[in-house]
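> give me coordinates for this.
(4 chains)
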There are 2 protein chains.
Amino acid sequence: MARSTRRRPAPAHPATEEIDLYDVLHALSDPTRMTIVRVLRTEPERACGTFPVDVAPSTLSHHFKVLRESGVISQREEANRRFSALRTVDLERRFPGLLDTVLAALARNEPGGGPAGEESGHEPGSDKARHG
Amino acid sequence: MARSTRRRPAPAHPATEEIDLYDVLHALSDPTRMTIVRVLRTEPERACGTFPVDVAPSTLSHHFKVLRESGVISQREEANRRFSALRTVDLERRFPGLLDTVLAALARNEPGGGPAGEESGHEPGSDKARHG
DNA sequence: TGCGATGTTCGACAAACGACGAACGTAGCT
DNA sequence: AGCTACGTTCGTCGTTTGTCGAACATCGCA
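Sure, this is the predicted structure:
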């Protein structure tokens, strides 16, 4: 009976108070996931398969899982689609200003960056700095 | 070359403009490294071996390398000691507000946390917010 | 009832990560 | 010179990560 309303296991989200900073930082330290977050920033929610990232569906699912379990996004089921949304309110309550600051930093990180495909923009730096 | 003035290879730092956001976020996503950053936040600089983390010297050296190569800290040689300092100015120029926001978030992440010794706040194997 | 679209789970794999001990090099003692 | 303190580098080990393909499950539609 209850089987008809929820066949798939409901996606697990951490409570707001349980969002871990290290998990969030780790989730945001991947370009593919960051692309997802950036896109989600401009829209209330979006279906999984419609993100401008070129990875296999299984890989994408993995990234969504990381984002969800870290508390960065929430996922809602509708039919056989899963819509993702940024947990902006929860994130703001838990770590005020973090998301905004990181996304502002992202804009500076890739000045001419396109929305996707820059997974390889990760070169080892050269050495030219001094002790400040 | 001037072999007498520089026996050990000088520690390589990325230039301010080359600090990569993903590298920084990854560097900050580790509790041991975050402890180093937090301590460095309260002091201008500090010798490597004097940080309140209980890992092997080689491990510590590895973490310092990650922090240095990501642009989070700088290292200065003095005798056979190496002093580390936060690159607050460079970081602020590159990613304004990022360091402050993350450290403020860190304070919220561990409300009762002392300045050190809580490396065990992130045990492998026991996942934290397993929201069922 | 079958089919296509949408996502997830599983298993595999290479690469990276964090940790350690051992060995090494330099500086400052005694 | 010998010794100690400090920190790095190297090799190794086990775990985690990101990726993929294959298989599976659900829903909507013909």
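
> so what's A:G71 up against?
Contact analysis of A:G71 by C-beta atoms under 8 Å, 6 or more residues apart in numbering or on different chains lists A:13-14, A:16, A:18-20, A:23-24, A:87, A:90-91, A:94, B:129. (Each C-beta comes from the backbone N, C-alpha and C, glycine too.)

> could you redo the last one with a cut-off of 6 Å?
A:14, A:19 (C-beta atoms under 6 Å, 6 or more residues apart in numbering or on different chains).

> now it: phi and psi?
phi 90, psi 10 (degrees, to the nearest 10).

> how close does A:A10 get to DNA strand C?
10 Å (C-beta to the nearest atom of the strand, to the nearest Å).

> ugh, wrong one, A:L28
Distance from A:L28 to DNA strand C, by C-beta to the nearest atom of the strand: 14 Å.

> quick one: pLDDT of that residue?
Looking at A:L28, its pLDDT stands at 98.

> that one touches B:Y22, doesn't it?
No - between A:L28 and B:Y22 there is no contact under C-beta atoms under 6 Å: 8.3 Å.

> for the two, indicate the residue with more neighbours.
A:L28 (26 against 17; other C-beta atoms under 10 Å in any protein chain shown).

> report the contact partners of the closest residue to the more buried one other than its chain neighbours.
Nearest residue to A:L28, sequence neighbours excluded (C-beta to C-beta, 6 or more residues apart in numbering or on different chains): B:L25, at 5.3 Å. B:L25 sits next to A:25, A:28-29 when contact means C-beta under 6 Å, 6+ apart.

> tell me which of these fall in strands.
Using DSSP state E, the subset of these located in strands is empty.

> for A:L21, what are its contacts?
B:105-106, B:109.

> what distance do you get for the closest residue to it other than its chain neighbours to DNA strand D?
Distances taken as C-beta to C-beta, 6+ apart place B:N109 nearest to A:L21, at 3.9 Å, with adjacent residues excluded. To DNA strand D, B:N109 is 17 Å away according to C-beta to the nearest atom of the strand.

> burial of B:N109, as a residue count?
Neighbourhood size, B:N109 [other C-beta under 10 Å]: 21.

> before we move on, which element is the spatially most central residue of chain A in?
Nearest to the geometric centre of chain A sits A:V37, at 4.0 Å (C-alpha atoms, centre = their mean). In the assignment (DSSP states H and E), A:V37 maps to helix A:31-42.

> could you measure from the nearest residue to A:V55 once chain neighbours are set aside over to B:A104?
In space, and not counting its chain neighbours, A:V55 is closest to A:T32: 6.2 Å by C-beta to C-beta, 6+ apart. Using C-beta to C-beta, to the nearest Å, one gets 27 Å for the distance from A:T32 to B:A104.

> still on that earlier bit, could you dump the contacts of A:L21 to CSV with secondary structure and pLDDT?
What follows is the contacts of A:L21, written out as CSV (DSSP: H, G, I helix; E, B strand; the rest coil; pLDDT from 0 to 100):
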residue, secondary structure, pLDDT
B:A105, helix, 98
B:L106, helix, 98
B:N109, helix, 96
